[in-house]
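Engineer: Curious how this folds, go ahead:
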Amino acid sequence: MTVDDKFNVSKHAKFLIVPILIATVYTVGILLTPFQQYKAWLYNDSLFTDSPYIQFLGIMRKIVKLTFVALLLITYMLNRGLLRKYAHKAEQYYSDMQDAKSNNAEMLNYFLIIISLSSLIAHIIGRRLLLPNEIIMDIIWLMFAVALYGIGYMGFKQKAINPTFDLDEAEAEDNLSGRELNLSQQLILDKLLVEFEKNKIYLNPGLNINDVVQKVGTNRTYISSIINQQFNLNFCSFVNNFRLEELQQIFIETPSISNEILAEKCGFGSFNSMKRAIASRTGYSLTEWKRSVLNDINL
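Structural biologist: The predicted structure is shown next:
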């Protein structure tokens, strides 16, 4: 439920307060309960119903279930919010170029729900029904297996391209302040700018970071690091910025050009990827962006 690189107590601890508090109270209740009572109650919650310890644990068990469901819903909704806000960046974990929306990132959220629901179902059914019933156990384990396989497969095919998230101006200035390139890094940056500004390699719709690596003569890590360090952008945003500059120039010269041809001339893989790039950079729809460009010309 965060886009931050590291855990921060003051910022993220609020998500853990309620679970830790409930777990602590439940643990204390278990420690105070006579061991034989607790052991028997685990397998048959109808035993020792007159015991105040068992009554307390029964109440805490219900609270745990309700808390689990609440946290599951909260996690899902907050994740959805992050995906909506960073949809144009989330998919960069899975492809070299920004042209596939955020389907894979959304699937991770769905797999989280599947695993959580499997746990919840198993807990609600209870051991007395699960242990002697192999079919129910098989169904639950199948749900676990499918979700875990999906997460593992998506991680296996992942191609991380140094994704970054939007910072406000103050944060961006802080991150860039004091950063200077050494001689070898400056040479890489110079070659990179030649390829983009002079040779316009961004017009290739299939361009990916490995193509740039071959052109410049370095590796992915250096390319990503230098772009991030000098422009506060990831690779995809860096490429699309050049395409958008080309887009604006072509549109100004030929306002009547069709959207499909416009996308093709600027190096976008599709009309949809062009729309997403415009929305990511300006917050405008394609129609709004065109209107804004024409208004600027007429001023």
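Engineer: contacts and neighbour counts: CA atoms only from here.
Structural biologist: Will do.
Engineer: For the strand or helix carrying residue 230, buried residues please.
Structural biologist: Residue 230 is located in helix 220-231, with elements delineated by DSSP states H and E. Neighbour-count burial for helix 220-231, counted by 16 or more other CA atoms under 10 Å, picks out 220, 223, 224, 225, 226, 227, 228, 229.
Engineer: now the residues you listed as a markdown table including distance to residue 276 and pLDDT?
Structural biologist: Listed next are those as a markdown table, based on distance: CA to CA, whole Å; pLDDT from 0 to 100:
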| residue | distance to residue 276 | pLDDT |
| --- | --- | --- |
| 220 | 24 | 79 |
| 223 | 24 | 85 |
| 224 | 21 | 83 |
| 225 | 24 | 83 |
| 226 | 24 | 87 |
| 227 | 21 | 88 |
| 228 | 21 | 84 |
| 229 | 24 | 84 |
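Engineer: what helices or strands is the helix holding residue 230 leaning on?
Structural biologist: For helix 220-231, the elements it packs on are helix 183-193, helix 209-216, helix 235-253, judged by 3 or more CA pairs under 8 Å, 6 or more residues apart in numbering; DSSP states H and E.
Engineer: between it and helix 183-193, how many degrees?
Structural biologist: Between helix 220-231 and helix 183-193, the angle comes out at 80 degrees (axes from the mean of the first three to the mean of the last three CA atoms, to 10 degrees).
Engineer: Also compute the angle for helix 220-231 relative to helix 209-216, please.
Structural biologist: 90 degrees.
Engineer: and the angle from helix 220-231 to helix 235-253?
Structural biologist: Angle, helix 220-231 to helix 235-253, by the same axes, to 10 degrees: 60 degrees.
Engineer: thinking again about what came up before, wait, which of the buried residues of helix 220-231 is closest to residue 79?
Structural biologist: residue 228 (25.1 Å; CA to CA).
Engineer: check contacts around the closest one.
Structural biologist: Residue 228 sits next to 234, 235 when contact means CA atoms under 8 Å, 6 or more residues apart in numbering.
Engineer: if we go to 6 Å?
Structural biologist: Applying CA atoms under 6 Å, 6 or more residues apart in numbering, we find residue 228 in contact with residue 234.
Engineer: Which residue, other than its chain neighbours, is closest to residue 294?
Structural biologist: In this structure, residue 294 finds its nearest non-sequential neighbour in residue 252, 7.5 Å apart by CA to CA, 6 or more residues apart in numbering.
Engineer: Can you give me the pLDDT of residue 157?
Structural biologist: Looking at residue 157, its pLDDT stands at 57.
Engineer: And for residue 82?
Structural biologist: At residue 82, the pLDDT value in this model is 77.
Engineer: Can you classify residue 269 by secondary structure?
Structural biologist: Following DSSP: H, G, I helix; E, B strand; the rest coil, the label given to residue 269 is coil.
Engineer: can you give me phi and psi for the residue lying closest to it once chain neighbours are set aside?
Structural biologist: Spatial nearest neighbour of residue 269, chain neighbours left out: residue 205 (4.8 Å); criterion: CA to CA, 6+ apart. Torsion angles at residue 205 (phi, psi; degrees, to the nearest 10) stand at phi -70, psi -20.
Engineer: same question, residue 199
Structural biologist: Backbone torsions for residue 199, taken as degrees, to the nearest 10, come to phi -90, psi -10.
Engineer: any low-confidence regions in the chain?
Structural biologist: The model of the chain has pLDDT under 70 over residues 1-6, 86-105, 123-138, 140-141, 144, 148, 151-179, 299.
Engineer: And for the nearest residue to residue 196 once chain neighbours are set aside, the neighbour number?
Structural biologist: Counting by CA to CA, 6+ apart, residue 196 lies nearest to residue 202, which is 6.3 Å off, once chain neighbours are set aside. Residues within reach of residue 202, counting by other CA atoms under 10 Å, total 23.
Engineer: how much space is there between the residue nearest to residue 269 and residue 261?
Structural biologist: Per CA to CA, to the nearest Å, residue 205 is found 13 Å from residue 261.
Engineer: Neighbour count for these two, which is higher?
Structural biologist: residue 205 (17 against 12).
Engineer: what's near enough to touch the more buried one?
Structural biologist: Residue 205 makes contact with 267, 268, 269 under the criterion CA under 6 Å, 6+ apart.
Engineer: ok, those residues vs residue 246, which is closest?
Structural biologist: residue 267 (8.9 Å).
Engineer: ok, and the closest non-adjacent residue to the closest one?
Structural biologist: Among residues not flanking residue 267 along the chain, residue 203 sits closest, at 3.8 Å (CA to CA, 6+ apart).
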